[in-house]
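> Kindly return the folded structure for what I paste below:
(one chain, ligands or ions: 1)
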Amino acid sequence: MKIILLGPQGSGKGTQASRLAEKNGAKHISTGDIVRAEIKSGSDLGKKVQEYNDRGDLVPDETIIEMFKPHLDGADAWILDGFPRNESQAKALDEALDELGITLDKAVALEAPDDDLVARLSGRRQSEATGKIYHVEHDPPPENSSDDPGPFIQRDDDTEEAIRNRLNIYHEQTEPLKDYYERQNLLATVDAMQEIDAVTKDVLGAVGER
Ligand code: AMP
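Okay, here's the model as predicted:
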């Protein structure tokens with residue numbers, strides 16, 4: 001399995017990617033997680049990318065491509081979550097795959113209306129202990145659980161202003177990638193507003209697995 005998950009922030013790309021990875025052993029490569037890990041490390045690169053992250057802006061292509069590429073090496077099954085985000089990144093990915101002599105199986109786009117996404121994202125909390133994602137109303141973080149002790153953190157870029165900025169960038173720069181992959185006959189679309197299990201089922205169906 002070599003697939004890209006496309007979709008706006010809050011459409012559940014991260015959740016679905018980890019479920020698929022768990023199910024079939026593919027490597028879940030999230031450029032957002034790579035960026036946050038770099039910020040947490042306190043490195044110079046982390047300081048540089050933090051400004052973009054906190055505003056909800058995209059990190060410059062050259063930087064994110066350098067950060068992303070090493071994660072592709074050696075893995076024969078993977079799910080890309082958050083990369084590519086624009087046409088120049090998609091072309092860089094095509095070149096990297098050419099160099100490695102491998103082909104992409106599918107680009108699956110998760111679709112949902114903006115207003116629902118804003119509601120989802122502003123209630124989102126992530127466990128610092130396990131990385132698991134919760135929602136204050138729909139899937140509240142556990143209290144006093146040894147499986148997931150937390151703490152449960154709101155991301156710096158999950159403020160309403162940064163969320164709206166990220167959604168605008170998605171529509172302007174990332175959504176056109178649906179056409180990019182459609183032209184290569186690789187696109188499938190899935191309704192991301194369904195129950196989590198139904199979304200997983202549709203994604204698996206789209207990539208020819210169950
Ligand atoms: P995400 O968790 O995918 O929403 O990513 C969080 C932040 O990391 C984004 O708002 C960007 O600042 C940065 N980032 C992640 N992936 C990319 C990418 N492919 N291109 C540029 N910036 C990215």
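> With adjacent residues omitted, what lies nearest to Pro151?
Glu128 (5.3 Å; C-beta to C-beta, 6 or more residues apart in numbering). All C-beta atoms are positioned from the backbone trio N, CA, C, and that covers glycine.
> for Phe83, helix, strand, or coil?
The three-state label given to Phe83 by DSSP: H, G, I helix; E, B strand; the rest coil is coil.
> SS state for the residue in the chain that the ligand sits nearest to?
For the chain, the residue closest to the ligand is Gly32, as judged by C-beta to the nearest ligand atom, at 2.1 Å. Under three-state DSSP, the three-state class of Gly32 is helix.
> repeat for Ile39
Secondary structure of Ile39, per three-state DSSP, is helix.
> The residue of the chain closest to the ligand: neighbour count?
17 (other C-beta atoms under 10 Å).
> go on, the one 3 residues further on?
Applying the criterion other C-beta under 10 Å, we find 23 residues in the vicinity of Val35.
> From His138, how far out is the spatially most distant residue from the centre of the chain?
In the chain, the greatest distance from the average C-alpha position (C-alpha atoms, centre = their mean) is reached by Asn144, at 28.8 Å. Remark: distance between Asn144 and His138 (C-beta to C-beta, to the nearest Å) = 20 Å.
> for Asn165, same thing?
24 Å.
> Counting by contacts, list what the longest helix along the chain packs against.
In the chain, assigned by DSSP state H, the helix with the most residues is helix 87-100. With contacts defined as 3 or more C-beta pairs under 8 Å, 6 or more residues apart in numbering; DSSP states H and E, helix 87-100 has these neighbours: helix 61-72, helix 177-183.
> re earlier: what about the residue farthest from the centre of the chain, which SS state?
Assignment for Asn144 (three-state DSSP): coil.
> Please apply the same query to Thr103.
coil.
> Kindly export stretch 198-210 (C-alpha atoms) in PDB.
Extracted in PDB, the C-alpha atoms of stretch 198-210 (Å, rounded to 0.1, in the frame of the first residue of the first chain):
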ATOM      1  CA  ALA A 198     -17.500   4.100   7.900                       C
ATOM      2  CA  VAL A 199     -14.800   6.400   6.700                       C
ATOM      3  CA  THR A 200     -12.200   3.700   7.300                       C
ATOM      4  CA  LYS A 201     -14.300   1.200   5.400                       C
ATOM      5  CA  ASP A 202     -14.600   3.600   2.400                       C
ATOM      6  CA  VAL A 203     -10.900   4.400   2.400                       C
ATOM      7  CA  LEU A 204     -10.000   0.700   2.400                       C
ATOM      8  CA  GLY A 205     -12.500   0.100  -0.300                       C
ATOM      9  CA  ALA A 206     -11.000   2.900  -2.400                       C
ATOM     10  CA  VAL A 207      -7.500   1.300  -2.100                       C
ATOM     11  CA  GLY A 208      -8.800  -2.200  -2.900                       C
ATOM     12  CA  GLU A 209      -8.400  -3.600   0.600                       C
ATOM     13  CA  ARG A 210     -11.000  -4.500   3.300                       C
END
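> Residues of this protein that sit close to the ligand?
9, 31-32, 35, 52-53, 56-59, 64, 82-83, 85, 89, 157, 166 (C-beta under 6 Å from any ligand atom).
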